[in-house]
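Undergrad: coords please:
(chains A and B)
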Amino acid sequence: MALASLAKRTYPLGFPHVWDRQAMQRFEGTSSYVAGDDLKIAVNAAVLLRRPLLVKGEPGTGKTVLAQEIADSIGAPLIEWNVKSTTRAQQGLYEYDAVARLRDGQLGDPRVHEIGNYIKRGKLWDAFTSPQLPVLLIDEIDKADIEFPNDLLQELDRMSFDVYETGERIAAQERPIVIITSNNEKELPDAFLRRCFFHYIKFPDRETMQAIIDVHFPGIQKLLVTKAMEIFYELREVPGLKKKPSTSELLDWLKLLLNEDMPIEVLQNRDPTRAIPPLHGALLKNEADVMLFERLAFMARRNG
Amino acid sequence: MFFNFLDELRAAGIPASIKEHLVLLEALDRDVIEATPEAFYYLSRAIFVKDEALLDRFDQVFAHVFKGIITDYGQAPVEIPEDWLKAIAERYFSEEEMEKIKALGSWDEIMETLKKRLEEQEKRHNGGNKWIGANGTSPFGNSGYNPEGIRIGGKSTHGRAIKVWEKREFANLDNQVELGTRNIKLALRRLRRFAREGAAEELDLDATIHGTARQGWLDIHMRPLRHNAVKVLLFLDVGGSMDPHVRLVEELFSAATAEFKNLEFFYFHNCLYEGVWKDNRRRFAERTPTWDILHKYGHDYKVVFVGDAAMSPYEVSHPGGSVEHFNEEAGAVWLHRVTSTYPATVWLNPVAERQWQYSASTKLIHEAMAGAMYPLTLSGLDGAMRELTRKKH
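TA: Residues are numbered from 1 along each chain as shown, chains lettered A, B, ... in the order given. The predicted structure follows:
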């Protein structure tokens, strides 16, 4: 593939942002976060071209942590905006507290003459005016109303917005790095998606999982991990589980196993009649799932 | 540059536009990636694909454009189960050959050899389409398949040796596949969304106070009601090959039952006639006359039929056509009554959409429903729900 030659050519596209800062560190994963090649490329592309990066994936695969890690690895402050079902796009820009002003007006407070006193800054405002280039995390954007992403289109595109009450214009000196996470509860509008890079964090395979565990528990017994992982992946395979355990659950479980000083034999000598793994509370978060397991164990006993 | 790639992506139904294309060029221009095919693959994937359901399709297009492999997307989307392939492999290779191949290497190599063998076979049996599986081992019956279109997905452990996009790791995220345990949650969400829409409005006190303070005059704000107003009648075809699918749909709707104002289940067999029942064990003892349903439930109910619509055409078109009893009026008449009483009516069909054309009764019912028949996939469900919400009454 002639990509090498192709990448060197220049195209008459000219995006005149501040972009001679090649010195900025590339994201290579960190000592506490394992990133695959695909994730690294998506992050680096988003950081370099300053377009929002939309991250999706199963819960517990490290979507939110990613923003923190990117911020750490390039040494930027992190501004978190946690979206809820009641969050409106305007709250990310600013809020004008008209009720407080009306009250102050009745009480004769002199503050009432300055409308700026009643404007509360939102996270986007903070990100745009941050003295140091920040990483802005818009967490779980799908929780909000369906119009929410559309309302942010212009602001994220131009990285500026107007404050109508004061006639001020807030514009970012340098486009902040924006990470957006979604749990797929709502579909995002096309126009919004077009402006983003996208990465789907797939559930890690065994090798990646091994690497993740090594990062979190250096020096943990190899045998214990191998056994625990076997049980873990078996558990994920069980059909009909309401909530499949994910990376964060595995890490919690390992922590518990280590804390309890669980002898390796308990994991090793697994007989099918005791299907429930020790300390299963960390892995199975649902009553129905535990019941399912007990039933499976019961059936194994009956057959055996 | 890469216009071909863009065209192919769009042809495969990935909503890529000039905007993404320019981003890709810009990224290449800025040397965002090292010049390796993998990096280019990851980069273009992050730019063009915005939905994990399309990742698999992207992988296929990428393989096609950058390697000249003929993909089978949309033409013959046949996935061959691995154990079936294994069985075939055992039939096509003699024991010594199997031993030799096993000694040689991995499962991938066996598959590769098998692929070649099948291709040769195809050439030899020029024109024949039943040459495989004619003995009854093929799950595809006599309809045959095209070995060129088969993608034999090997499980490689050598990592780099196999191209990442050929692993097709995202195959089970495609939204064209039928509903199953993996995507039932998503389906449920779509139903919930459907249930929330079309709700009445209530006074938004906070917004009204804010608006009034801001404007200086009474500024009333309304917001959609939090609870739901959607009422659903569900008719399920039972007693046939569709039972598992029907159960799935039943579970799906009952999981969403809290979201509906009212949800009623009824069963029928093959086609709707003068009676339906609520308990399948007492289907002959306790029948509800269909007339009663039409009279009892108002026309603002949304009606969902679930069934494969595959039967003898007479069961739809002629009086007395039913396989179970003598029906005085044809099924089509009853369907017509339902669609005229309830403008918002859809039929969910678990059978894959491309097979509908082969069944005369499916066509008849398709017509009777005025085209409102949808496959039982995520996108089909989406379409059906959209149809239901579009028609207010």
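
Undergrad: which secondary structure element contains residue A:204?
TA: Remark: residue A:204 resides in no helix or strand, with elements defined by DSSP states H and E.

Undergrad: before we move on, what about residue A:136?
TA: Short version, using DSSP H and E: residue A:136 is in strand A:135-139.

Undergrad: Please state the offset of that strand from the chain centre?
TA: 8 Å (CA atoms, centre = their mean, to the nearest Å).

Undergrad: So is it next to chain B?
TA: No: residues of strand A:135-139 contacting chain B under CB under 8 Å from any CB of the partner chain: none, with a closest distance of 15.7 Å. All C-beta atoms are positioned from the backbone trio N, CA, C, and that covers glycine.

Undergrad: Please write out the alpha-carbon positions of the helix or strand following that strand in CSV.
TA: Moving toward the C-terminus from strand A:135-139, the next helix or strand (DSSP H and E) is helix A:148-158. Taking C-alpha atoms only, helix A:148-158 is exported to CSV below (Å, rounded to 0.1, in the frame of the first residue of the first chain):
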residue,chain,number,x,y,z
PHE,A,148,-28.9,17.9,23.7
PRO,A,149,-26.2,17.0,21.2
ASN,A,150,-27.8,19.1,18.5
ASP,A,151,-27.8,22.1,20.8
LEU,A,152,-24.1,21.8,21.3
LEU,A,153,-23.2,21.5,17.6
GLN,A,154,-22.2,25.0,16.9
GLU,A,155,-20.4,25.5,20.2
LEU,A,156,-18.3,22.4,19.7
ASP,A,157,-17.7,23.2,16.1
ARG,A,158,-16.6,26.8,16.5
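
Undergrad: buried sites along helix A:148-158?
TA: A:148-149, A:151-152, A:155-156 (16 or more other CB atoms under 10 Å in any protein chain shown).

Undergrad: and the residues you listed as a markdown table, adding distance to chain B and pLDDT?
TA: Shown next, in a markdown table, are the buried residues of helix A:148-158 (distance: CB to the nearest CB, whole Å; pLDDT from 0 to 100):
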| residue | distance to chain B | pLDDT |
| --- | --- | --- |
| A:148 | 15 | 85 |
| A:149 | 12 | 87 |
| A:151 | 16 | 86 |
| A:152 | 16 | 88 |
| A:155 | 18 | 87 |
| A:156 | 14 | 87 |
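
Undergrad: Mind putting these into TSV with distance to residue A:60?
TA: As requested, the buried residues of helix A:148-158 are exported to TSV (distance: CB to CB, whole Å):
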residue	distance to residue A:60
A:148	24
A:149	24
A:151	29
A:152	26
A:155	30
A:156	27
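
Undergrad: Nearest to residue B:14 among the residues you listed?
TA: The closest of these to residue B:14 turns out to be residue A:149 (CB to CB; 19.8 Å).

Undergrad: contacting residues around that closest one?
TA: The neighbours of residue A:149, taking CB atoms under 8 Å, 6 or more residues apart in numbering or on different chains as the test, are A:141, A:188-189, A:192.

Undergrad: go on, residue A:229?
TA: A:206, A:209-210, A:213, A:250.

Undergrad: again, only using 10 Å
TA: A:206, A:209-210, A:213, A:250, A:254 (CB atoms under 10 Å, 6 or more residues apart in numbering or on different chains).

Undergrad: In ChimeraX, how would I select just the buried ones from the residues you listed?
TA: Buried residues within the contacts of residue A:229, by 16+ other CB under 10 Å, are selected in ChimeraX with:
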select /A:209,210,213,250,254
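
Undergrad: need the contacts of residue A:229 in TSV with distance to chain B and secondary structure, can you?
TA: Formatted as TSV, these follow (distance: CB to the nearest CB, whole Å; DSSP: H, G, I helix; E, B strand; the rest coil):
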residue	distance to chain B	secondary structure
A:206	10	helix
A:209	15	helix
A:210	14	helix
A:213	19	helix
A:250	20	helix
A:254	25	helix
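
Undergrad: ok, residue A:103 to chain B distance?
TA: Applying CB to the nearest CB, to the nearest Å, the value for residue A:103 to chain B is 9 Å.

Undergrad: Excluding covalently adjacent residues, which one is nearest to residue A:216?
TA: Setting aside the residues directly before and after it, residue A:216 is nearest to residue A:251 in space (CB to CB, 6 or more residues apart in numbering or on different chains), at 5.5 Å.

Undergrad: confidence score at residue A:224?
TA: pLDDT recorded at residue A:224 is 78.

Undergrad: Now do the same contact list for residue A:43.
TA: So residue A:43 contacts A:26-29, A:35, A:53, A:55, A:66-67, A:69-70, A:73-74, A:177, A:179, A:197, A:199, B:46 (CB under 10 Å, 6+ apart).

Undergrad: Drop anything exposed from the residues you listed.
TA: Looks like the contacts of residue A:43 have A:27, A:29, A:35, A:53, A:55, A:66-67, A:69-70, A:73-74, A:177, A:179, A:197, A:199, B:46 buried, using 16+ other CB under 10 Å.

Undergrad: Any idea how many residues pack against residue A:167?
TA: Applying other CB atoms under 10 Å in any protein chain shown, we find 8 other residues in the vicinity of residue A:167.

Undergrad: filter the contacts of residue A:149 down to the ones near chain B?
TA: When contact is defined as CB under 10 Å from any CB of the partner chain, these meet chain B at A:188, A:192.

Undergrad: Show the contacting residues for the closest residue to residue A:186 other than its chain neighbours.
TA: Excluding the flanking residues, the one nearest residue A:186 by CB to CB, 6+ apart is residue A:142, at 4.5 Å. By CB under 10 Å, 6+ apart, the contact set of residue A:142 is A:56, A:83, A:85, A:148-149, A:180-188, B:189.

Undergrad: Mind checking which of those are buried?
TA: Using 16+ other CB under 10 Å, the buried ones in these are A:56, A:83, A:148-149, A:180-182, A:184-188, B:189.

Undergrad: Touching, residue A:131 and residue A:76? I think so.
TA: No: with contact defined as CB atoms under 10 Å, residue A:131 does not count as touching residue A:76 (11.3 Å).

Undergrad: The two - which one has more neighbours?
TA: Counted by other CB under 10 Å, residue A:131 and residue A:76 do not tie: residue A:76 has more neighbours, with 19 against 7.

Undergrad: A strand includes the more buried one, no?
TA: No: using DSSP: H, G, I helix; E, B strand; the rest coil, the assignment for residue A:76 is coil, not a strand.

Undergrad: Let me know the pLDDT of it.
TA: If you check residue A:76, the pLDDT there is 88.

Undergrad: these two touch, right, it and residue A:178?
TA: No: Residue A:76 is beyond contact range of residue A:178, at 11.8 Å (criterion: CB under 10 Å).

Undergrad: Now tell me which of the contacts of residue A:142 the prediction trusts least.
TA: residue B:189 (67).

Undergrad: Can you list which of the contacts of residue A:43 are found in helices?
TA: A:66-67, A:69-70, A:73-74, B:46 (DSSP state H).
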